[in-house]
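> coords please:
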Amino acid sequence: MIRSFGLRAILLSAALTLTSGGLLHAQTVGQDVKGAGHDTADASKQVAHKTAHGTRKAYHKTSNGTKKVYHKTASGTETAGHDTKAGAEKVGHGTKVAAKDTAHATENVGDKIAGKPPVH
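Here you go, the predicted model:
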């Protein structure tokens, strides 16, 4: 009986050791999973923060670029309008001069046909 009690005690002790080792291992796996969840949450927050930062930065660069283009376009349009007006005035003046010259030349041709001296 002492012998069987000793064998039973050894078997019981071995069973408890294996069981408690298994429970400890399960607890470690649970902690690992929980830790991985926290790591994932932290990484997600960092990605969201960096994405928001990058989006704000891109927005500001786009906004500034758009403003620069707007001002250059407005300035260029103003310059083109001024140049067009000046060109139109020159064309108008040239047309008047050409019309006077044409009228004068036509008058002189008529006078030549009639035999009159040119009048200026």
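> Low-confidence stretches in this structure?
Confidence mapping of the chain against pLDDT under 70 gives the ranges 1-5, 16-27, 103-112, 114-115, 117-120.
> Could I get the full set of helices for it?
2-114 (DSSP state H).
> what's the burial count for residue 52?
When counting by other Cβ atoms under 10 Å, one arrives at 10 neighbours for residue 52. Using the backbone N, CA and C atoms, a C-beta is placed for each residue, glycine as well.
> If you could redo that for residue 60, that was the one I meant.
10.
> And for residue 41?
Neighbours of residue 41 (other Cβ under 10 Å): 10.
> next one: residue 49
That count, for residue 49 with other Cβ under 10 Å as the rule, works out to 10.
> so who does it touch?
By Cβ atoms under 8 Å, 6 or more residues apart in numbering, the contact list for residue 49 is empty.
> Look up how far residue 59 lies from it.
Using Cβ to Cβ, to the nearest Å, we find residue 49 at a distance of 16 Å from residue 59.
> Also residue 28?
For residue 28, the distance to residue 59 - Cβ to Cβ - is 46 Å.
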